[in-house]
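Trainee: Could you work out the structure for the sequence below:
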Amino acid sequence: MQRRLIGAVAVLAGAGLVPGAAGAQEAEAPVEEASISSAAEVVLPTGDRVGVTEDGTLDFPDGEAFAVAKDADGERAAVPVDAVDEVASGEYRASDFNVDSPGTGFAAASAAVPNVTVTGEWLDGTAPDTFAVSWARVGSTEGGGPEFVEGGTAALTLEAGTYHLVTMMYKGADESDVVSAIQEVRVGEHPVEVLVDGAKAEPLGFDLDREAGAESVVLDVFSYGPGHEEGDGAWLGYAAWPGGDLYAIPSGRLSGVQDAGYVLREGLASPEGTADPYAYNLFRHGTRGFRGDLTPPVADADLARNDADFQALGAKGSFTRQDLSDHPVYDAWSYTNTGEVALPSSRTEFFTAGRDLSWEHRSYFPYEGGPGSAWDLVHHRSGALEPGSVQAMSWNNAPLSVGVDDNGQSWPPATFVRWDDMGSLYFGPWMFSSAMGGEAIQSDYLPGKITLSRNGEVLAQNDQIGLGIDAASVPAGQLTVTATADRNASWTPLGTRSDASWTFDYDPDGNPVLPVSVVRFTATGVVNGAAEGGTVQQIGLEFAPQPGADEQHCAAMTFDVSFDDGATWTPVPIDRDGNTATASLTLPDDAAFASVRFTAADENGNTVSHETIRSYAIA
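Mentor: From the prediction side, this is the model:
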């Protein structure tokens with residue numbers, strides 16, 4: 001799929017992809033990279049920046065609403081709602097907002113004589129600010145659009161047949177209100193006039209047990225024929241943070257051969273100042289158009305519940321919570337937000353539950369210098385949740401150390417991987433991560449230095465943590481990856497420096513998940529990034545191979561600690577049993593931070609060493 005290629009090229013370009021055994025800075029950029037301003041980011045003509053991950057998920061800027069539509073190839077245009085009228089008037093082209101292959105697709109409408117007139121009327125009978133129409137021929141994979149028009153009338157040219165018209169009307173430039181509809185029409189010899197009557201619209205949403213305000217909304221409205229593929233049929237989308245009011249016009253009879261309906265994803269949060277805050281992360285799939293109760297009751301008892309404990313990483317602050325609801329049929333193309341969370345704090349979070357719905361959770365610390373500057377993404381994963389289930393989830397779990405992806409998130413594909421779809425080797429260690437509570441912390445756009453060597457010869461380097469190289473240029477042999485990163489983050493005094501080195505045997509025909517590991521590190525008594533001085537901590541160590549790699553067994557492990565930011569190190573005796581070890585560590589009363597250093601080797605001679613300065617604080 002083209003959007004996968006573009007996202008992959010963008011990320012590898014940001015990681016210093018090189019075509020051969022040469023410095024990454026000397027790489028000749030692939031053609032696709034030229035239209036992407038930085039790794040996994042598209043700059044729209046309006047100046048808005050939209051993030052695009054390899055799996056197609058979009059990250060939109062806070063506080064804005066977007067109309068999203070697909071062309072015949074399934075590529076998406078994400079148009080800020082306050083710029084839709086410029087697209088409708090021809091000032092911008094829809095292709096200018098293509099976030100999958102920027103600047104391409106979205107062919108102009110046919111010059112044939114229109115024979116279908118579609119008129120939209122708002123809730124009060126007035127014309128909408130902007131009107132979007134997409135269409136699908138019933139019983140086939142044919143589809144077209146979208147057409148964006150100013151005001152309320154769109155003219156289409158359709159061959160004889162039965163069609164579903166998928167429409168969205170917008171009113172209000174900021175946090176736009178939206179009216180959606182799916183209607184069936186028959187086209188014959190004579191012109192057809194269709195009215196999309198907003199006076200019949202009903203609110204679209206959820207009726208909850210508690211008062212909650214929308215923090216974000218993602219809406220898909222579609223009609224797909226049998227056996228459809230990406231880009232077939234009709235599809236319109238809407239994404240907003242926090243978004244305006246949603247309405248839908250109940251559908252009449254729709255031909256049953258179509259998958260015609262909607263998917264609503266919404267993130268909501270309790271009113272500001274609520275003594276015991278809470279949030280909702282909800283999903284609903286509607287079939288046969290817009291039918292039945294469009295704002296059905298949703299009881300807390302039928303949802304899954306997370307009791308979230310949001311710790312601080314050594315400094316009070318805040319971060320923004322997001323969730324991704326993954327459905328096997330209806331892809332999530334954007335995260336939903338549930339608002340900014342103060343650190344430290346706690347709240348109850350409710351989720352739509354069901355075996356066909358899998359949840360990923362993340363939070364991000366605020367940009368310091370806009371998109372492209374270093375930031376931390378904190379990941380958790382619940383998977384499928386049972387109705388009525390309750391689980392505890394602790395966030396920002398220091399101590400910090402070097403990590404590999406161990407929570408199954410959809411992006412990046414792995415930390416050290418031969419990425420066969422791209423013909424590349426990719427290395428992206430997580431330099432300031434966590435191993436407590438199923439958490440992983442990934443620092444994006446992290447400055448530093450990462451180097452790939454083979455048998456002592458440097459093959460590639462990059463000045464951000466993330467490195468790609470053409471797999472065909474790397475023969476079998478012993479590879480060494482070294483990485484070092486310094487940072488000064490406003491949201492934490494922890495993790496000021498990490499250094500790491502991996503040496504491992506590489507087989508170009510072997511497992512694409514490479515045989516690397518880290519020493520996963522846990523410590524008792526760390527709360528809000530700090531442990532109490534003068535106490536004795538129980539330390540847990542685990543030799544942790546990258547998930548998906550060939551089986552590895554620990555042959556050796558060491559642990560050192562420093563209380564003076566790495567100026568001196570003290571070995572800590574460990575009691576190792578196979579891949580795990582334990583230790584006791586007495587914390588001094590007069591130190592401010594604990595730094596940690598580890599080495600490990602497996603039975604095949606693959607080795608790892610890594611250290612993190614200021615892994616956690618001492619209070």
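Trainee: From now on I want contacts and neighbour counts done on CA atoms only, so please keep to that.
Mentor: Fine.
Trainee: in the chain, what secondary structure element scores lowest on mean pLDDT?
Mentor: Ranked by mean pLDDT, DSSP states H and E, the weakest helix or strand in the chain is helix 2-14, scoring a mean of 36.
Trainee: could you point out which element follows that one?
Mentor: Heading C-terminal from helix 2-14, the first helix or strand you meet, by DSSP states H and E, is strand 41-43.
Trainee: Partner strands of the helix or strand that that following strand is followed by and their direction?
Mentor: Using DSSP H and E, the helix or strand that directly follows strand 41-43 along the chain is strand 49-52. With DSSP bridges as the test, strand 49-52 is paired with strand 41-43 (antiparallel), strand 58-59 (antiparallel).
Trainee: what's next to the last one, contact-wise?
Mentor: So that's strand 58-59. 50-52, 333-335 (Cα atoms under 8 Å, 6 or more residues apart in numbering).
Trainee: Would you map the strands across the stretch 101-250 of the chain?
Mentor: All strands of the stretch 101-250 of the chain, identified by DSSP state E, counting those that start in this stretch, fall at 116-121, 130-137, 143-150, 153-156, 161-171, 177-187, 192-197, 202-203, 207-208, 213-224, 234-240, 246-248.
Trainee: Going by mean pLDDT, which of the ones you listed comes out lowest?
Mentor: Mean pLDDT is lowest for strand 143-150 out of the strands of the stretch 101-250 of the chain, coming in at a mean of 90.
Trainee: How about residues contacting that one?
Mentor: 69-72, 84-85, 87-89, 109, 128-137, 154, 232-234, 236.
Trainee: buried subset of those?
Mentor: Neighbour-count burial (16 or more other Cα atoms under 10 Å) applied to the contacts of strand 143-150 gives 69-72, 84-85, 87-88, 128-137, 154, 232-234, 236.
Trainee: still on that earlier bit, how about the strands of the stretch 101-250 of the chain, which one is nearest Pro493?
Mentor: Among the strands of the stretch 101-250 of the chain, strand 213-224 comes nearest to Pro493, with 29.6 Å by Cα to Cα.
Trainee: Where does the prediction get shaky in the stretch 201-350 of the chain?
Mentor: Nowhere does the stretch 201-350 of the chain drop to pLDDT under 70.
Trainee: strand partners of whichever strand or helix holds Arg321, parallel vs antiparallel please.
Mentor: Using DSSP H and E, the element containing Arg321 is strand 317-326. Applying DSSP bridges to the sheet, strand 317-326 is found paired with strand 336-343 (antiparallel), strand 354-364 (antiparallel).
Trainee: Packed most tightly, which of those would that be?
Mentor: strand 336-343 (a mean of 22; mean count of other Cα atoms under 10 Å).
Trainee: from the chain's centre, how far out does the helix or strand following that one sit?
Mentor: Sequence order places strand 345-351 as the next helix or strand after strand 336-343, per DSSP H and E. Averaging C-alpha coordinates over strand 345-351 and over its chain gives two centres that are 20 Å apart (Cα atoms, centre = their mean, to the nearest Å).
Trainee: Likewise for stretch 133-142?
Mentor: So, by Cα atoms, centre = their mean, the centroid of stretch 133-142 is 30 Å from its chain's centroid.
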